[in-house]
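Novice: no sequence for this one, just the structure:
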């Protein structure tokens with residue numbers, strides 16, 4: 001490597017090899033102070049992208065920091081192989097999907113490996129290797145790779161089955177009918193924000209429609225679905241789409257007319273569904289009438305092009321007094337139909353829907369955004385304050401919020417209605433098939449609705465270290481909201497067989513709640529010390545719960561390890577886990593583990609997005625490959641980018657131009673350290689003390705930031721503020737070799753957790769032999785603080801800024817600059833005012849009175865009262881930290897005089913320094929009277 005050029009690729013490879021050859025990543029029990037952290041293990045069904053590396057990097061930075069602050073660190077990793085993602089990937093390879101094969105070849109997957117990837121287990125093996133070798137090791141992550149595990153290994157399955165036995169013992173496994181997401185190709189799938197099983201629609205909710213049975217003249221049912229069954233009393237007409245061909249279907253003993261899509265939904269959710277051959281064009285239904293169930297009102301069928309055959313039944317009932325869409329459609333139809341008001345609500349008159357439309361200026365059905373706003377406005381007010389009126393029979397006088405489910409259940413009981421469930425948005429499986437909702441009559445659930453479990457989980461979460469605070473504040477509501485979760489699926493899934501129902505597999509969220517506990521065992525399993533046959537319920541009870549006795553010495557060794565490392569100190573994952581993984585992680589620990597083994601902390605980070613703020617997704621493309629990015633930018637630059645570009649708790653946009661700037665900074669730091677080694681030795685006591693003092697200030701802030709996981713602040717101090725201080729010192733002529741060597745060594749130690757490769761390479765340039773990552777992290781040393789010298793440099797910087805501002809405003813080309821520091825009496829009053837503010841007893845009038853009582857001060861008269869009035873405004877703007885420093889006496893004239901050469905060079909003209917008390921002061925413009933402490937007066941010729 002050219003000693004003047006920083007070859008980041010060579011440096012990264014060199015130090016990664018050295019670290020892993022020395023096994024420094026393997027967790028050891030040596031220091032009696034431990035820290036256990038991990039990231040949410042990724043699914044293994046494809047290549048990862050630069051977005052994933054953000055959270056992984058945070059984890060490694062925290063792990064390295066904890067190593068250097070005297071902790072034994074356990075930083076394991078694994079692979080979430082459960083579910084259908086790997087199955088879906090294998091099917092694509094099997095059918096020779098062009099995009100999939102192209103992706104594999106682009107990533108240099110050998111042909112002989114591609115042939116094996118028709119097997120889902122081989123998919124897991126292949127991508128697990130890619131993640132370790134191409135991503136995690138390539139980024140220098142000090143993961144304990146002896147503990148790697150995946151969720152389809154035989155040992156892990158034993159562990160999960162034990163977990164479910166524990167839930168069963170505690171009556172937290174129950175059976176009941178369930179409507180679950182279902183792919184016609186892949187079987188049951190999980191639909192959640194993690195999008196583990198689906199390619200689209202992870203945020204979709206399941207909507208519970210009530211299907212009301214309107215009756216045509218011949219007895220045929222015209223079913224209309226609604227989320228507001230209580231509005232049946234306000235129906236004035238029906239809407240059908242004239243362009244749609246509707247189908248007939250036998251539902252139990254009834255004949256229905258509905259969309260073709262509706263029949264598919266019914267077949268998944270109801271028994272005795274028999275499609276019939278007869279079809280009816282929508283236009284042929286228009287002009288007919290039907291009877292409204294329960295109230296037996298005859299209403300007309302009108303044309304409504306907005307009636308979407310893919311939504312619910314494809315037929316819509318119209319309640320124009322309470323549904324803005326219906327009101328506007330009725331107005332545009334020009335039909336002489338009067339709206340029927342059935343809900344009295346504060347803030348609205350006889351037609352809430354009409355009034356909301358008029359308020360927003362809505363004229364047409366095409367104004368969907370405004371119509372949605374109007375709908376939301378009306379529905380919210382009616383739900384919270386609405387009361388059914390006299391037109392609603394037995395339900396009159398009852399609040400909407402109290403009667404909604406009652407009306408629905410009564411109609412179903414009378415066979416006037418049924419239900420159908422539907423997603424709030426389209427959901428597409430990873431196999432590209434549309435996901436449906438299917439009824440499972442005897443589904444097993446984990447009973448997260450258990451009141452005792454919920455209360456205990458909320459209480460425990462309140463004691464945890466959870467980042468950010470806003471998520472900690474949200475958690476109680478999330479835990480309250482979190483209902484029973486269907487825990488098993490049937491189909492071609494990978495995972496653990498459910499112990500109480502053969503051929504059913506535990507679904508991916510339910511098998512990833514206690515999983516960090518398995519990391520303690522995994523090294524013994526991987527080294528063939530712990531056979532799967534040994535992993536019985538009795539074994540897990542003993543190791544994890546302390547129940548029973550060990551059957552062999554190895555059990556005691558493993559339990560000792562578990563007791564040392566557990567619980568987890570930080571579980572780190574993306575924001576998609578806020579309502580999916582983290583709630584069940586907490587609740588399962590509370591349900592099964594004793595309190596001392598429950599997790600200490602959770603760290604939620606936001607996403608890396610593409611331009612336009614869309615989440616980067618490996619299934620949607622648009623993601624820069626990790627391997628290529630590492631070559632282009634260098635991993636240290638990327639690590640710093642993730643930490644510094646924004647708070648962990650905001651989305652950041654992937655910006656190659658910005659990453660290049662961080663890459664350039666790596667080279668700048670390299671050159672700066674090399675430049676320092678060439679400086680000639682020269683001492684300047686005040687300046688040297690300032691640099692040492694500022695370094696301690698930075699260390700104090702860095703340590704506080706790291707301890708509170710404010711990673712952006714720590715990275716900013718290390719890579720920007722410290723460098724800024726150093727450059728100021730050198731610009732001022734600082735060149736004390738002893739001080740600079742200490743400064744650089746400390747700086748390298750500080751940067752080591754974030755840019756470890758650069759730090760190691762710089763460390764050896766300082767004559768060091770050991771790994772920098774094995775050294776102790778710098779600690780804050782109050783003895784090195786020199787507030788006097790800090791204030792002196794603050795004064796110098798302010799003077800330069802003030803001079804430049806005057807030149808900028810006046811456009812003067814200076815020939816000479818005179819600087820006047822404040823007289824002694826102003827200095828004394830300034831410090832006295834600061835002392836009193838610090839003691840919360842500052843009173844301007846009292847200070848004037850006391851000062852005027854001093855015979856030496858009395859001759860100054862009005863100057864004193866004017867200056868104290870000015871102080872009153874000035875000192876209150878000074879921060880508490882600065883007040884303490886500014887109380888220290890400083891000879892401002894001497895400090896500025898010592899820097900006269902620097903001032904003259906910087907300001908490009910001669911500079912003269914005076915104190916207002918000096919005799920023979922050159923002050924042609926009478927500027928000395930304006931001089932105040934730390935704000936000298938300035939005269940420019």
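Specialist: Arrived safely, thanks for sending. Only a predicted model underlies this, so the values are computations on that prediction, with no experimental measurement involved. Numbering: from 1, shown residues only.

Novice: for residue 476, what are its contacts?
Specialist: Going by C-beta atoms under 8 Å, 6 or more residues apart in numbering, residue 476 touches 458, 461, 462. All C-beta atoms are positioned from the backbone trio N, CA, C, and that covers glycine.

Novice: got it, and residue 365?
Specialist: Residues in contact with residue 365 (C-beta under 8 Å, 6+ apart) are 306, 325, 328, 329, 332, 371.

Novice: including distance to residue 429 and neighbour count, could those residues go into CSV?
Specialist: Formatted as CSV, the contacts of residue 365 follow (distance: C-beta to C-beta, whole Å; neighbours: other C-beta atoms under 10 Å):
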residue, distance to residue 429, neighbour count
306, 28, 15
325, 31, 23
328, 36, 24
329, 34, 24
332, 38, 12
371, 31, 23
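
Novice: just the buried members of the contacts of residue 476?
Specialist: The neighbour-count test (16 or more other C-beta atoms under 10 Å) marks 458, 461 as buried among those.

Novice: now do the strands in the stretch 801-941 of the chain.
Specialist: Assigned by DSSP state E, counting those that start in this stretch, the strands in the stretch 801-941 of the chain fall at 817-821, 911-915, 937-940.

Novice: nearest to residue 590, of those strands?
Specialist: strand 817-821 (64.9 Å; C-beta to C-beta).

Novice: low pLDDT regions in the protein?
Specialist: The chain contains residues with pLDDT under 70 at 1-3, 194, 196, 612-623.

Novice: go again with 50.
Specialist: By pLDDT under 50, the low-scoring segments of the chain are 620-621.

Novice: how close does the residue lying closest to residue 687 once chain neighbours are set aside get to residue 531?
Specialist: Spatial nearest neighbour of residue 687, excluding adjacent residues (C-beta to C-beta, 6 or more residues apart in numbering): residue 734 at 4.9 Å. Residue 734 sits 64 Å away from residue 531, taking C-beta to C-beta, to the nearest Å as the criterion.

Novice: ok, those two, which is more surrounded?
Specialist: Higher neighbour count among residue 734 and residue 531: residue 734, with 20 against 11, using other C-beta atoms under 10 Å.

Novice: I'd like the distance between residue 649 and residue 216.
Specialist: As for residue 649, its distance to residue 216 is 57 Å (criterion: C-beta to C-beta).

Novice: at which residues are the helices of the stretch 1-150 of the chain located?
Specialist: For the stretch 1-150 of the chain, the helices defined by DSSP state H, counting those that start in this stretch occupy 8-21, 53-68, 85-94, 98-106, 111-116, 120-130.

Novice: swap that for the stretch 601-750 of the chain, sorry
Specialist: Counting by DSSP H, counting those that start in this stretch, the helices of the stretch 601-750 of the chain are 626-633, 635-644, 656-676, 685-707, 711-716, 722-731, 737-751.

Novice: quick one: which of the strands of the stretch 801-941 of the chain is nearest residue 220?
Specialist: Judged by C-beta to C-beta, the one of the strands of the stretch 801-941 of the chain that comes nearest to residue 220 is strand 937-940, at 93.9 Å.

Novice: strand partners (parallel or antiparallel) of that closest one?
Specialist: Its sheet considered, strand 937-940 pairs with strand 817-821 (antiparallel) by DSSP bridges.

Novice: now the angle from the strand it pairs with to strand 911-915?
Specialist: If you take axes from the mean of the first three to the mean of the last three C-alpha atoms, to 10 degrees, strand 817-821 sits at 20 degrees to strand 911-915.

Novice: and the contacts of strand 817-821?
Specialist: If you take C-beta under 8 Å, 6+ apart as the criterion, strand 817-821 is touched by 799, 803, 892-893, 896, 903, 907, 909-916, 921-923, 927-928, 930-931, 936-941.

Novice: show the buried residues in those residues.
Specialist: 799, 803, 892-893, 896, 903, 907, 909, 911-916, 923, 927-928, 931, 936-940.

Novice: on that earlier part again, looking at the helices of the stretch 1-150 of the chain, which is nearest to residue 376?
Specialist: Closest to residue 376 of the helices of the stretch 1-150 of the chain is helix 53-68 (C-beta to C-beta; 34.3 Å).

Novice: packing partners of the closest one?
Specialist: On a contact count with 3 or more C-beta pairs under 8 Å, 6 or more residues apart in numbering; DSSP states H and E, helix 53-68 meets strand 34-39, strand 72-74, strand 570-574, strand 601-605, helix 635-644, helix 711-716.

Novice: out of those, which one sits most buried?
Specialist: Sort these by mean neighbour count, taking mean count of other C-beta atoms under 10 Å, and helix 635-644 sits at the top with a mean of 25.

Novice: could you name the helices and strands sitting against that helix?
Specialist: helix 8-21, helix 53-68, helix 626-633, helix 656-676, helix 711-716, helix 756-765.

Novice: Throw the ones you listed into a markdown table and include distance to residue 384, thanks.
Specialist: Below are the helices and strands packed on helix 635-644 laid out as a markdown table (distance: least, C-beta to C-beta, whole Å):
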| stretch | distance to residue 384 |
| --- | --- |
| helix 8-21 | 59 |
| helix 53-68 | 39 |
| helix 626-633 | 49 |
| helix 656-676 | 46 |
| helix 711-716 | 40 |
| helix 756-765 | 55 |
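
Novice: closest to residue 176 out of those?
Specialist: The closest of these to residue 176 is helix 53-68. By C-beta to C-beta, the value is 36.0 Å.

Novice: now that closest one against helix 635-644, angle please.
Specialist: Here helix 53-68 runs at an angle of 100 degrees relative to helix 635-644 (the same axes, to 10 degrees).

Novice: distance from the chain centre to helix 53-68, please.
Specialist: 16 Å (C-alpha atoms, centre = their mean, to the nearest Å).

Novice: cool, stretch 763-774 as well?
Specialist: 35 Å.

Novice: surely residue 749 and residue 772 touch.
Specialist: Yes - applying C-beta atoms under 8 Å, one finds residue 749 in contact with residue 772, separated by 6.5 Å.

Novice: so between those two, which is more surrounded?
Specialist: The residue with more neighbours, out of residue 749 and residue 772, is residue 772; 24 against 20, by other C-beta under 10 Å.

Novice: hey, where'd the helices end up in the stretch 801-941 of the chain?
Specialist: According to DSSP H, counting those that start in this stretch, the helices that the stretch 801-941 of the chain contains are 824-838, 844-852, 862-875, 880-886, 892-898, 900-907.

Novice: in JSON lines, list the ones you listed along with distance to residue 553.
Specialist: Converted to JSON lines, the helices of the stretch 801-941 of the chain look like this (distance: least, C-beta to C-beta, whole Å):
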{"stretch": "helix 824-838", "distance to residue 553": "63"}
{"stretch": "helix 844-852", "distance to residue 553": "77"}
{"stretch": "helix 862-875", "distance to residue 553": "70"}
{"stretch": "helix 880-886", "distance to residue 553": "57"}
{"stretch": "helix 892-898", "distance to residue 553": "70"}
{"stretch": "helix 900-907", "distance to residue 553": "71"}
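
Novice: and those: which comes nearest residue 814?
Specialist: The nearest among these, by C-beta to C-beta, is helix 900-907 at 6.8 Å.

Novice: buried ones in the closest one, by neighbour count?
Specialist: 902, 903, 906, 907.

Novice: with stretch 200-207 instead?
Specialist: By neighbour count on 16+ other C-beta under 10 Å, the buried set for stretch 200-207 is 200, 201, 202, 204, 207.

Novice: the stretch 251-400 of the chain: helices as residue ranges?
Specialist: With helices called from DSSP H, counting those that start in this stretch, the stretch 251-400 of the chain shows them at 260-269, 282-285, 324-333, 352-360, 368-385, 400-413.

Novice: in CSV, list those helices along with distance to residue 128.
Specialist: What follows is the helices of the stretch 251-400 of the chain, written out as CSV (distance: least, C-beta to C-beta, whole Å):
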stretch, distance to residue 128
helix 260-269, 35
helix 282-285, 53
helix 324-333, 50
helix 352-360, 54
helix 368-385, 45
helix 400-413, 48
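
Novice: check contacts around the residue nearest to residue 843 when sequence neighbours are not counted.
Specialist: Of all residues not flanking residue 843 in the chain, residue 836 sits nearest, at 7.6 Å (C-beta to C-beta, 6+ apart). Shown in contact with residue 836 (C-beta under 8 Å, 6+ apart): 842, 843, 847.
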